[in-house]
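>>> Provided below for reference: sequence and predicted model.
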Amino acid sequence: MSDFPSFPPDFVLGAATSAFQIEGAVYEDGRGPSVWDTFARRPGAVLGGATGDVACDHYHRFREDTALLKGLGVRSYRFSISWPRVQPTGSGPVNVAGLDFYERLVDGLLEAGIEPAVTLYHWDLPQALEERGGWRNRDTAHRFADYARLVADVLADRVPRWITLNEPWCSAFLGYAEGQHAPGAREGTPALAAAHHLLVGHGLSVPVLREAGAREVGITLNLDHVTPATDSPEDAAAALRAETQRNLMWTEPLLKARYAAGEDDTWEDLIRHQSFRGPGDLDVIAAPLDFLGINFYTPSVVRNAPYRDPDPLSRTADDNRFTGVGIPEVRHTAMGWPVVPHTLRDLLVGLRERYGDALPPVYITENGSAEDDVPAPGGAVHDGGRISYLDGHLRSLAAAIADGVDVRGYYVWSLLDNFEWAYGYSKRFGLVYVDYATQRRTPKDSYHWYRALIAGQGQGQGEPRGGGRT
Ligand code: FCB
């Protein structure tokens with residue numbers, strides 16, 4: 001028996017990054033500013049005043065990073081395209097120099113035998129669109145579909161797998177309700193409008209991507225595994241509100257063409273102003289998907305709580321009368337996130353039970369762990385905590401597959417240490433350590449572990465890897 005979790009012969013093992021978190025080069029080749037460039041300059045918004053100006057300098061070092069991926073042996077690499085690099089103001093003609101960068105990256109990946117998987121939107125909205133209301137404005141959904149066309153017309157012949165949005169929950173709620181992410185707004189109904197327009201933008205772009213020749217089109221959600229803290233009816237209702245906000249408001253429209261049943265109890269007055277919803281929107285949003293991407297890091301245990309803001313008029317859309325309860329008995333990562341690997345399996349099996357055949361094949365598009373990595377004398381990084389995190393979650397994933405959930409692949413977050421949003425460079429998720437002063441990359445122990453896991457797949461399974469499943 002191998003020491004590693006094992007997967008079906010055609011299972012995709014990959015690694016993921018996103019544009020703003022690694023590229024840097026924010027002023028080069030005609031790139032326009034994004035909401036994250038603006039937000040990072042707001043005093044106090046990002047830890048230590050960090051910006052994405054240089055990040056991992058991937059824009060200039062992508063060949064070295066592609067070599068790291070090749071050394072790892074991943075079959076696929078998930079990266080995102082910076083909208084303002086390709087379309088500096090979010091509308092109008094393509095910025096050819098910006099799109100050229102992604103052509104070079106894609107061609108380099110294909111030469112290295114790695115399948116590119118593109119995310120079109122990983123939170124870096126062109127600032128010019130935010131100035132017209134950002135995702136609160138329905139027009140942004142149409143701008144997104146236009147941008148999808150510009151990119152896919154050039155890349156769909158070489159990129160098989162396309163993800164429209166990454167974690168729209170974060171864009172809508174962290175961005176427009178909680179204010180912890182760009183653009184840093186704290187709003188009620190407008191944040192719900194943003195959530196809706198994100199879904200409409202996704203739905204409008206699905207047929208566009210297919211027309212351009214994309215083979216597999218999906219969306220990535222950060223679905224949560226939520227359990228109530230006690231058996232009380234109050235906590236059960238609180239858990240349902242949490243599930244509505246985190247999961248059902250996304251999966252119900254996408255997979256069932258309906259709004260979540262629990263939305264009235266979750267948002268009360270905020271959802272009563274529904275002018276942002278148009279007739280026919282659900283049909284647009286529910287465009288059939290080839291896969292559902294799921295990012296999973298940690299579960300939630302919640303209990304009932306009073307409104308944080310007693311005044312309904314100043315309540316934000318994330319104020320839904322629930323609060324998280326700690327899980328002190330398990331290890332926590334450097335993010336303070338409890339490590340409970342079996343909840344990944346439980347989440348997937350629960351989705352399969354809820355949605356049956358309406359659940360498309362799944363890719364885990366992110367999973368990983370921030371650890372307090374410190375290079376040893378000589379430079380090696382011994383990140384046993386990350387290895388045990390990945391091992392636990394991959395075993396849990398293998399158990400979900402054994403239970404009948406159709407999971408096609410898994411992408412580790414992340415290839416490189418990078419800009420962790422409001423935490424700046426203080427949290428390290430990489431398989432590869434980045435020394436930000438020198439931009440030197442050092443594969444950590446987890447990189448070598450993941451490489452061995454990938455190399456060991458297929459052995460003794462009687463079939464070569466790499467066969468297409470479709
Ligand atoms: C996810 C994001 C990703 C990264 C990880 C840790 O929510 O999609 O960019 O920040 O969390």
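Everything's here; your move. Residues are numbered from 1 along each chain as shown.
>>> Quick check: bridge partners of the residue nearest the centre of the chain?
By C-alpha atoms, centre = their mean, the chain has its centre lying nearest to residue 166, at 4.1 Å. The partner list for residue 166 in beta bridges (DSSP bridges) reads residue 220.
>>> The stretch 101-250 of the chain: strands as residue ranges?
115-121, 161-166, 216-221, 226-228 (DSSP state E, counting those that start in this stretch).
>>> Select, out of the ones you listed, the one closest to the ligand.
Among the strands of the stretch 101-250 of the chain, the nearest to the ligand by C-beta to the nearest ligand atom is strand 161-166 (5.2 Å). C-betas here are computed from N, CA, C, even on glycine.
>>> now that closest one and strand 216-221, what's the angle there?
Orientation check (axes from the mean of the first three to the mean of the last three C-alpha atoms, to 10 degrees): strand 161-166 against strand 216-221 gives 30 degrees.
>>> Just name whatever secondary elements strand 161-166 is in contact with.
Packing partners of strand 161-166 (3 or more C-beta pairs under 8 Å, 6 or more residues apart in numbering; DSSP states H and E): strand 76-80, strand 115-121, helix 189-211, strand 216-221, strand 291-295, strand 362-366.
>>> CSV please, covering those and showing mean neighbour count and distance to the ligand.
Formatted as CSV, the helices and strands packed on strand 161-166 follow (neighbours: other C-beta atoms under 10 Å; distance: least, C-beta to the nearest ligand atom, whole Å):
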stretch, mean neighbour count, distance to the ligand
strand 76-80, 25, 9
strand 115-121, 24, 9
helix 189-211, 24, 14
strand 216-221, 25, 8
strand 291-295, 23, 6
strand 362-366, 26, 6
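>>> Could you point out which of these sits nearest residue 17?
strand 76-80 (5.2 Å; C-beta to C-beta).
>>> Get me the contact residues on the stretch 1-150 of the chain for the ligand.
Proximity of the stretch 1-150 of the chain to the ligand (C-beta under 6 Å from any ligand atom) is limited to residues 18, 21.
>>> about what we covered before: looking at the strands of the stretch 101-250 of the chain, which is closest to residue 143?
strand 115-121 (10.9 Å).
>>> Now the closest one - C-alpha only, PDB.
Provided in PDB are the C-alpha atoms of strand 115-121 (Å, rounded to 0.1, in the frame of the first residue of the first chain):
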ATOM      1  CA  GLU A 115      -2.900  22.000 -19.100                       C
ATOM      2  CA  PRO A 116      -3.800  25.700 -18.500                       C
ATOM      3  CA  ALA A 117      -7.000  26.300 -16.500                       C
ATOM      4  CA  VAL A 118      -8.000  30.000 -16.600                       C
ATOM      5  CA  THR A 119     -10.000  32.000 -14.100                       C
ATOM      6  CA  LEU A 120     -11.400  35.100 -15.700                       C
ATOM      7  CA  TYR A 121     -12.200  37.000 -12.500                       C
END
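>>> Can I get the strands of the stretch 101-250 of the chain in TSV including mean pLDDT?
As requested, the strands of the stretch 101-250 of the chain are exported to TSV (pLDDT from 0 to 100):
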stretch	mean pLDDT
strand 115-121	99
strand 161-166	99
strand 216-221	99
strand 226-228	98
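>>> and residue 63, which of these is closest to it?
Among the strands of the stretch 101-250 of the chain, strand 115-121 comes nearest to residue 63, with 14.8 Å by C-beta to C-beta.
>>> Give me the contacts around that closest one.
12, 14, 18, 75-81, 83, 102, 105-106, 109-110, 144, 147-148, 151, 155, 158-166, 171, 201, 205, 220, 365, 411 (C-beta atoms under 8 Å, 6 or more residues apart in numbering).
>>> How about stretch 192-200?
For stretch 192-200, contacts defined as C-beta under 8 Å, 6+ apart pick out 134-138, 140-141, 165, 168-169, 171-173, 175-176, 249-250, 253-254, 267, 270-271, 276-277, 281, 284-285, 317.
>>> Filter these down to just the ones in helices.
Secondary structure defined by DSSP state H assigns 140, 141, 168, 169, 249, 250, 253, 254, 267, 281, 284, 285 of the contacts of stretch 192-200 to helices.
>>> any chance of these in a markdown table, plus pLDDT?
Formatted as a markdown table, the ones in helices among the contacts of stretch 192-200 follow (pLDDT from 0 to 100):
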| residue | pLDDT |
| --- | --- |
| 140 | 99 |
| 141 | 99 |
| 168 | 99 |
| 169 | 98 |
| 249 | 98 |
| 250 | 98 |
| 253 | 98 |
| 254 | 99 |
| 267 | 97 |
| 281 | 98 |
| 284 | 99 |
| 285 | 99 |
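>>> Kindly reformat the residues you listed as a markdown table and extend each row with neighbour count.
What follows is the ones in helices among the contacts of stretch 192-200, written out as a markdown table (neighbours: other C-beta atoms under 10 Å):
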| residue | neighbour count |
| --- | --- |
| 140 | 24 |
| 141 | 21 |
| 168 | 28 |
| 169 | 22 |
| 249 | 26 |
| 250 | 27 |
| 253 | 23 |
| 254 | 24 |
| 267 | 24 |
| 281 | 20 |
| 284 | 20 |
| 285 | 25 |
